[in-house]
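Novice: pasted the sequence and its predicted model underneath.
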Amino acid sequence: MKIRVFENQLEAKTAAAEQIADSLDGNSAKLVCATGGTMVEFYREFCRTNQDRAIDLRGVRFFNLDEYYGIEMDPALPEGKDQSFARYLSDNLFRPLGIDVDSQVRLVPHREDGLEQYRTELACSGGELITILGIGKNGHIAFNEPGTMIEDSIRVVNLSEGTIIDNYKANFEAFGYSFDEMPRKACTIGPREILSSNRIIVLCFGKTKKHAFEQAVFGTIDASCPASYLQTHENVEWYVDSALLR
Ligand code: GLP
């Protein structure tokens, strides 16, 4: 495991974006993409780097890391009203980079065969599997909440109360949704798929993530902190800021 410490978030996100973009240039790869507040600026830097350096992403397929259950992307809705992670990736990554629909693999758990199709696509050959993660305050990665077992795979899960509240306050509330409208379930790839990646990049910043980070990196490897499972992988890079370590 490598821990790369930066003075601030922007420096860390820029370094991660440049590193990933360079490694994708002209290569075949599968890139599994997280969402969340942390990732917005990272994707902005990633798009900028790709444009500045004319990175060739034609061999890359992009995968949604997770998705709310029951929410389907609706391009007719204004930005923000559509809270699907598919829309988030479309707005922050795919449209700015001009990624065509055939190169995007979404999680659509409520459709018959939705998960099976995703599983098949992820297992297909196509170069390195690179997963980009954020982390929840309770140590979740993707939507693998505390209690997740290391061998758990792609599945529909119940969200914890803390995650529902955090994500409501961070996203849904500002767009006029009531707390009752907040999804209670989601679909997520599991530790099994995450740990099958060739390379895992985790972005983790700020005081609010300190406890989760310490448990994930220095704590016991167990279900109380699913991010601790990353200790079992040989190629994990953490990008953190100095505020996290203070
Ligand atoms: C959601 C996502 C996670 C993400 C987490 C942290 O729960 N499912 O993939 O890591 O939020 O988000 P933020 O970056 O906003 O703290």
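Specialist: Perfect, thanks for sending it.
Novice: can you list the neighbours in contact with the helix or strand of the chain with the lowest mean pLDDT?
Specialist: Of all helical and strand segments in the chain, the minimum by mean pLDDT, DSSP states H and E falls on helix 114-123, at a mean of 90. For helix 114-123, the external contacting residues (CB atoms under 8 Å, 6 or more residues apart in numbering) are 30, 32, 61, 63, 105-109, 129, 153-155, 187, 189, 193. Where C-beta positions appear, they are placed from N, C-alpha and C, glycine not excepted.
Novice: which residues of the chain score low on pLDDT?
Specialist: In the predicted model, the chain carries no residue with pLDDT under 70.
Novice: try it again at 80.
Specialist: Residues of the chain that meet the criterion pLDDT under 80 lie in 109-112, 125.
Novice: most centrally placed residue in it?
Specialist: For the chain, the residue sitting closest to the mean C-alpha position, by CA atoms, centre = their mean, is residue 34 at 1.4 Å.
Novice: just the CA trace of the least confident helix or strand of the chain, in PDB.
Specialist: Backbone C-alpha positions of helix 114-123 (Å, rounded to 0.1, in the frame of the first residue of the first chain) are rendered in PDB as follows:
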ATOM      1  CA  GLY A 114     -29.100  -5.700 -15.100                       C
ATOM      2  CA  LEU A 115     -26.600  -7.100 -12.700                       C
ATOM      3  CA  GLU A 116     -25.700 -10.100 -14.700                       C
ATOM      4  CA  GLN A 117     -24.800  -8.000 -17.700                       C
ATOM      5  CA  TYR A 118     -22.600  -5.700 -15.600                       C
ATOM      6  CA  ARG A 119     -20.800  -8.800 -14.100                       C
ATOM      7  CA  THR A 120     -20.200 -10.200 -17.600                       C
ATOM      8  CA  GLU A 121     -18.800  -6.900 -18.900                       C
ATOM      9  CA  LEU A 122     -16.600  -6.400 -15.900                       C
ATOM     10  CA  ALA A 123     -15.200  -9.900 -16.200                       C
END
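Novice: which parts of it are buried?
Specialist: With burial defined by 16 or more other CB atoms under 10 Å, the residues of helix 114-123 counted as buried are 114, 115, 118, 122.
Novice: please enumerate the strands of the protein.
Specialist: 2-6, 29-33, 60-64, 66-68, 104-105, 128-133, 155-158, 185-188, 199-204, 236-241 (DSSP state E).
Novice: point out the most buried one among these.
Specialist: Among those, strand 66-68 has the highest mean neighbour count (mean count of other CB atoms under 10 Å), at a mean of 25.
Novice: that one pairs with which strands, parallel or anti?
Specialist: strand 185-188 (antiparallel) (DSSP bridges).
Novice: determine how far the partner strand lies from the middle of the whole chain.
Specialist: In this view, strand 185-188 has its centroid 13 Å away from the chain centroid, taken as CA atoms, centre = their mean, to the nearest Å.
Novice: would you format the strands of the chain as a markdown table with distance to residue 219 included?
Specialist: Formatted as a markdown table, the strands of the chain follow (distance: least, CB to CB, whole Å):
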| stretch | distance to residue 219 |
| --- | --- |
| strand 2-6 | 14 |
| strand 29-33 | 24 |
| strand 60-64 | 28 |
| strand 66-68 | 23 |
| strand 104-105 | 32 |
| strand 128-133 | 17 |
| strand 155-158 | 22 |
| strand 185-188 | 21 |
| strand 199-204 | 14 |
| strand 236-241 | 14 |
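Novice: to the ligand, which of the ones you listed lies closest?
Specialist: The minimum distance between the ligand and the strands of the chain falls on strand 66-68, with 4.9 Å, by CB to the nearest ligand atom.
Novice: the closest one near the ligand anywhere?
Specialist: Yes: Strand 66-68 lies within reach of the ligand by CB under 6 Å from any ligand atom, at residue 66.
Novice: also stretch 136-152?
Specialist: Yes: Stretch 136-152 is in contact with the ligand by CB under 6 Å from any ligand atom, via 136, 142, 143.
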